[in-house]
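Visitor: following is a predicted model, sequence given first.
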Amino acid sequence: MGAALADVVVVDLTTEYWGSLGAALLADFGARVIRVEDLGRGRVAPRAPRALHPDARYDYDADLVQRNKQGLALDLDDPSGRELLHALVAKADLLFTDWPADRLEALGLDPAGATRLRADLVYTRGSGFGPKGPDRELPPLDELAAARTGMMPILPQPGEPPVYAGAGPLYTAALLALGSLVALVHRQRTGEGQEVDASLYSGNLYGASLDLQAFLAMGGDRLTQPVARTDAGNPMSGVLYPAKDGRWLCLTMPDTDRWWPGLAGVMGLAVDDPRFDSHEKRCGEYRLELIRVLEERFACHDGEHWRARFVEARLSADVIEDFEHPATDPQARRNRYVLELERPGAGTIRTLGFPIFMSETPARLDRFAPCAGQHSAEILHGLLGLGEARIQELVERGVVA
């Protein structure tokens, strides 16, 4: 099978987890993504570096966000290093970056400078709050972006502190990859490159779209306040119930007329119980009574008991799991959402696989995260045509590693 993006060359100037992940999504589908590591004193450090767990046998973060990439290390404070990077950008289809604007400008790789190197370049930049407006230069920190979306106050139970869900980086990485591909399609049709920006702010806003879109349409306080578990309008949808072993159960049965006969059977209730024999009663006059009854009965058995009964009755309900579930779930393995493979130096490992299925050009893992400069000679020779002697000279001068 071929790779969908086999002919696409990407220069990856990313430092943040989410920026690097966005470029990795392109590499997973075959794009030649060249991760440039800056050896200069002015190099960009991650805004929110994350320390690996002390028990880690390998850099598991890098194995996800840098996989399938090639590694090139250059001293970008040195004019020769910058010339090499410029030459590389001139050969690339896409420049993918989350570096600060002032560093990019100093390197001659702001949008105007980069497109002087290649006029039809697609220039993708991840930012904190978008390319325009007074906050365009604020640091790209997901906690700050998430704090502005309105979601954090409504996630906890009433009276509890706001909850940071931490999903913004993934949304933003996916939007950066999507924007890049849309721009490449446009370029293929017209020959025209362009700038692409997706921000942590935009990623978080779209992550909140289900509630935010409703608020934009209707406004009011109802959508801005946390809702107590027992204040839900439908006891059979969105209400969580504890099982005997402390695990939580999730019911998603908005159309209660459809699901009530099955749920009543599982719970040992009469389908024609006069308190609950219509949607209007279940969600109206007897709503709290139904919550009380369900809570009382769910507390009689462990989570696994209820899971078996839900499956048996084909109910839209399940047990809320921790990370052990996807780590061992055959469904996640079968769809390659989680991979188990041999890693040199670490033995058998489990790692996140690929969230997108494609029948003819599937994503694949061709290489683990590169070491700094692992492919420098190969890239400088193969893409830029440098001879062995010239590369060795650059290495000895410390321009290339």
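Guide: All right, it came through fine.

Visitor: list the contacts of Tyr337.
Guide: Counting by C-beta atoms under 8 Å, 6 or more residues apart in numbering, Tyr337 makes contact with Pro326, Leu352, Gly353, Phe354, Pro355. C-beta here means a position set from N, CA and C on the backbone, and glycine is covered the same way.

Visitor: revised request: answer the last question for Arg118.
Guide: Per C-beta under 8 Å, 6+ apart, neighbours of Arg118: Val89, Ala90, Lys91, Ala92, Gly193.

Visitor: quickly note the distance from it to Asn68.
Guide: From Arg118 across to Asn68, the span is 23 Å (C-beta to C-beta, to the nearest Å).

Visitor: for Thr124, grab the count of nearby residues.
Guide: 28 (other C-beta atoms under 10 Å).

Visitor: surely it touches Leu94?
Guide: Yes. Here Thr124 reaches Leu94: they are 6.3 Å apart, a contact under C-beta atoms under 8 Å.

Visitor: mutual contacts of these two, please.
Guide: Common neighbours of Thr124 and Leu94 (C-beta under 8 Å, 6+ apart) are Ser180, Ala183.

Visitor: what ranges does the stretch 151-300 of the chain have for its helices?
Guide: 168-190, 200-207, 209-218, 256-267, 279-283, 287-298 (DSSP state H, counting those that start in this stretch).

Visitor: now stretch 360-372 - C-alpha only, CSV.
Guide: The C-alpha trace of stretch 360-372 is given here as CSV (Å, rounded to 0.1, in the frame of the first residue of the first chain):
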residue,chain,number,x,y,z
GLU,A,360,-6.1,2.0,0.8
THR,A,361,-3.5,4.3,2.3
PRO,A,362,-3.4,3.6,6.1
ALA,A,363,-1.3,5.4,8.6
ARG,A,364,1.8,3.4,9.6
LEU,A,365,4.7,3.5,12.0
ASP,A,366,7.9,3.5,9.9
ARG,A,367,10.3,4.9,12.5
PHE,A,368,10.4,5.9,16.1
ALA,A,369,11.2,9.5,17.2
PRO,A,370,14.6,10.5,15.8
CYS,A,371,17.6,11.4,18.0
ALA,A,372,18.8,15.0,17.5
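
Visitor: now do the buried residues in that stretch.
Guide: The neighbour-count check on stretch 360-372 (16 or more other C-beta atoms under 10 Å) flags Pro362, Ala363, Leu365, Phe368, Ala369, Pro370 as buried.

Visitor: cool, and stretch 263-281?
Guide: Those would be Leu263, Ala264, Val266, Met267, Leu269, Phe276, His279, Lys281, for stretch 263-281 by 16+ other C-beta under 10 Å.

Visitor: who touches the closest residue to the fourth one other than its chain neighbours in this structure?
Guide: Same thing as Met267. Nearest non-adjacent residue to Met267, counting by C-beta to C-beta, 6 or more residues apart in numbering: Arg297, 5.1 Å away. Counting by C-beta under 8 Å, 6+ apart, Arg297 touches Met267, Gly268, Leu269.

Visitor: now do Arg297 against Trp248, distance only.
Guide: Distance from Arg297 to Trp248, by C-beta to C-beta: 15 Å.

Visitor: before we move on, what about Tyr164?
Guide: Distance from Tyr164 to Trp248, by C-beta to C-beta: 20 Å.

Visitor: repeat for Met218
Guide: From Met218 to Trp248 the distance is 30 Å (C-beta to C-beta).

Visitor: got it, and Asp273?
Guide: As judged by C-beta to C-beta, Asp273 and Trp248 stand 25 Å apart.

Visitor: pick the most deeply packed of the helices of the stretch 151-300 of the chain.
Guide: Between the helices of the stretch 151-300 of the chain, helix 200-207 has the highest mean count of neighbours, a mean of 23, where neighbours are mean count of other C-beta atoms under 10 Å.

Visitor: run the angle between that one and helix 209-218 for me.
Guide: Computed by axes from the mean of the first three to the mean of the last three C-alpha atoms, to 10 degrees, the angle separating helix 200-207 from helix 209-218 equals 80 degrees.

Visitor: contact partners of helix 200-207?
Guide: Under C-beta under 8 Å, 6+ apart, the answer for helix 200-207 is 18, 126-130, 140-142, 144-146, 148-149, 151, 165, 167-175, 212.

Visitor: let me know the average pLDDT across that helix.
Guide: On average, the pLDDT along helix 200-207 is 97.

Visitor: that older thread, confidence score at the residue nearest to Met267?
Guide: The model's pLDDT for Arg297 equals 98.

Visitor: also Leu290?
Guide: pLDDT at Leu290 comes out at 97.

Visitor: same check on Val89?
Guide: 98.

Visitor: how many other residues sit next to it?
Guide: 25.

Visitor: CA atoms only for the helix or strand it falls within, dumped as PDB, please.
Guide: Under the criterion of DSSP states H and E, Val89 resides in helix 79-91. Provided in PDB are the C-alpha atoms of helix 79-91 (Å, rounded to 0.1, in the frame of the first residue of the first chain):
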ATOM      1  CA  PRO A  79      24.700  32.100   9.100                       C
ATOM      2  CA  SER A  80      25.600  28.800   7.500                       C
ATOM      3  CA  GLY A  81      22.900  27.000   9.600                       C
ATOM      4  CA  ARG A  82      20.300  29.600   8.600                       C
ATOM      5  CA  GLU A  83      21.300  29.200   4.900                       C
ATOM      6  CA  LEU A  84      20.800  25.500   5.100                       C
ATOM      7  CA  LEU A  85      17.400  25.900   6.700                       C
ATOM      8  CA  HIS A  86      16.400  28.400   4.000                       C
ATOM      9  CA  ALA A  87      17.500  26.000   1.300                       C
ATOM     10  CA  LEU A  88      15.500  23.300   3.000                       C
ATOM     11  CA  VAL A  89      12.400  25.600   3.100                       C
ATOM     12  CA  ALA A  90      12.800  26.400  -0.600                       C
ATOM     13  CA  LYS A  91      12.500  22.600  -1.300                       C
END
